[in-house]
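Undergrad: got a predicted model here, sequence first, then my questions.
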Amino acid sequence: MNQREKVVEIRDLKKAFGDLEVLKGVDLDLFKEENLVVLGKSGSGKSVLIKIMVGLLTQDSGSMKVFGQEVSRLKKRDLNALRLKIGFSFQNSALYDSMTVRENMEFPLVRNEKNLTRAEISRRIEELLDSVGLPQTINQMPSELSGGQKKRIGVARTLILNPEIMLYDEPTAGLDPITCGDINNLILEVRERYKTSSIVITHDLTCAKQTGDRMAVLLDGQFDALGTFEEVFPNAEDDRIKSFYDYNF
Ligand code: ADP
Ligand code: MG
């Protein structure tokens with residue numbers, strides 16, 4: 001079998017804030033078109049890791065390469081170009097409340113792809129709303145949408161710049177089980193359709209099991225357990241991993 005292409009490669013990455021050591025030597029790979037689930041309790045450093053990935057924070061030591069480029073050494077222009085290839089889907093979906101769905105989706109396009117015609121912009125918005133199953137919401141305000149719909153629109157907006165990597169931060173938090181299932185399916189459909197490589201941060205083991213090819217559990221500043229859901233969870237010996245499983249099933 002061919003060596004699979006790595007889109008992210010992290011080695012011995014460390015990050016502290018004053019005395020608080022958050023990441024204590026993280027090693028992690030994300031392979032092309034893989035869905036990698038990152039689990040870890042609140043405050044374990046999941047968001048810090050992702051912020052380093054897009055250059056919003058810089059590590060103290062160690063290496064983080066995205067598409068083979070060491071992020072901390074990128075010049076501003078190259079960092080901006082990299083960020084456009086990485087889509088963030090925020091926990092609160094972060095739609096602008098005073099804009100319609102169409103305007104929310106237009107915003108990143110108009111800012112970053114200045115050469116598109118009106119017709120091209122409309123076509124792209126309509127295609128993405130179709131692919132998240134919400135074409136009818138195009139002229140609605142975020143306040144008129146349910147929590148699950150807002151999440152879907154958030155994902156559609158994140159996809160509008162054709163990112164190669166998708167970062168989902170707690171995509172199912174606060175949703176009922178059926179809507180969670182819909183979002184899990186959406187994450188799988190997005191990969192299928194747009195060939196994205198993804199990191200899914202979640203506390204929800206059902207989401208982890210349904211969406212993830214591999215699990216990575218962040219424990220005390222390092223990834224201790226890596227493998228498929230079946231490899232990591234049902235027979236975990238480490239109490240900290242077991243407690244995740246017992247809590248969810
Ligand atoms: P989570 O795993 O819940 O996403 P975070 O990565 O957000 O956790 O945070 C990990 C730890 O780092 C927390 O204790 C948080 O308070 C701390 N932290 C995160 N960002 C900063 C910052 N910019 N300055 C100081 N401390 C921070
Ligand atoms: Mg977080």
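TA: Happy to help now that I have it. Ligands and ions are numbered 1, 2, ... in the order given.
Undergrad: for the chain, what's the longest helix?
TA: When the chain is scanned for its longest helix (criterion: DSSP state H), the result is helix 177-194.
Undergrad: please export the C-alpha coordinates of that one as CSV.
TA: Coordinates of the C-alpha atoms in helix 177-194 are reproduced here as CSV (Å, rounded to 0.1, in the frame of the first residue of the first chain):
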residue,chain,number,x,y,z
PRO,A,177,-29.9,13.3,19.2
ILE,A,178,-31.7,13.3,15.9
THR,A,179,-30.2,16.6,14.8
CYS,A,180,-26.8,15.3,16.0
GLY,A,181,-27.3,12.4,13.6
ASP,A,182,-28.0,14.8,10.8
ILE,A,183,-24.9,16.8,11.5
ASN,A,184,-22.8,13.6,11.7
ASN,A,185,-24.2,12.6,8.3
LEU,A,186,-23.4,16.1,6.9
ILE,A,187,-19.8,15.8,8.1
LEU,A,188,-19.5,12.5,6.2
GLU,A,189,-21.2,13.9,3.1
VAL,A,190,-18.9,16.9,3.0
ARG,A,191,-15.9,14.7,2.9
GLU,A,192,-17.5,12.5,0.2
ARG,A,193,-18.4,15.5,-1.9
TYR,A,194,-15.6,18.0,-1.4
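Undergrad: okay, buried residues for that helix please.
TA: 179, 180, 182, 183, 184, 186, 187, 190, 191, 194 (16 or more other CB atoms under 10 Å). For the C-beta atoms, the positions are set from N, CA and C on the backbone; glycine is no exception.
Undergrad: quick one: residue 228 from ligand 1, how far?
TA: Relative to ligand 1, residue 228 is positioned 22 Å away (criterion: CB to the nearest ligand atom, to the nearest Å).
Undergrad: same thing with residue 203?
TA: Here residue 203 is placed at a distance of 10 Å from ligand 1 (CB to the nearest ligand atom).
Undergrad: what's the answer for residue 187, then?
TA: As judged by CB to the nearest ligand atom, residue 187 and ligand 1 stand 19 Å apart.
Undergrad: per-residue pLDDT, that residue?
TA: Among the per-residue scores, residue 187 holds a pLDDT of 93.
Undergrad: count the residues that sit near the residue lying closest to it once chain neighbours are set aside.
TA: Closest residue to residue 187 apart from its sequence neighbours, by CB to CB, 6 or more residues apart in numbering: residue 211 at 4.7 Å. Neighbours of residue 211 under the rule other CB atoms under 10 Å: 25.
Undergrad: before we move on, what about residue 216?
TA: Using other CB under 10 Å, residue 216 has 24 neighbouring residues.
Undergrad: would you confirm that it contacts residue 228?
TA: No. With contact defined as CB atoms under 8 Å, residue 216 does not reach residue 228; the gap is 11.3 Å.
Undergrad: follow-up on the earlier one: my read: the residue nearest to residue 187 touches residue 201, true?
TA: No. Taking CB under 8 Å as the contact criterion, residue 211 and residue 201 are not neighbours in contact, 11.2 Å apart.
Undergrad: give the residues shared as contacts by the two.
TA: Taking CB atoms under 8 Å, 6 or more residues apart in numbering as the criterion, residue 211 and residue 201 both touch residue 37.
Undergrad: right, and residue 222 touches residue 25 too?
TA: Yes. Residue 222 is within contact range of residue 25, at 5.7 Å (criterion: CB under 8 Å).
Undergrad: neighbour count for the two, which is higher?
TA: Neighbours per residue, other CB under 10 Å: of residue 222 and residue 25, the larger number sits with residue 222, 17 against 14.
Undergrad: now do the contacts for residue 104.
TA: Residues touching residue 104, when contacts are defined by CB under 8 Å, 6+ apart, comprise 95, 96, 142, 153, 157.
Undergrad: which parts of the chain sit against ligand 1?
TA: Residues of the chain lying near ligand 1 by CB under 6 Å from any ligand atom: 17, 20, 22, 40, 42, 43, 44, 45, 46, 47, 48.
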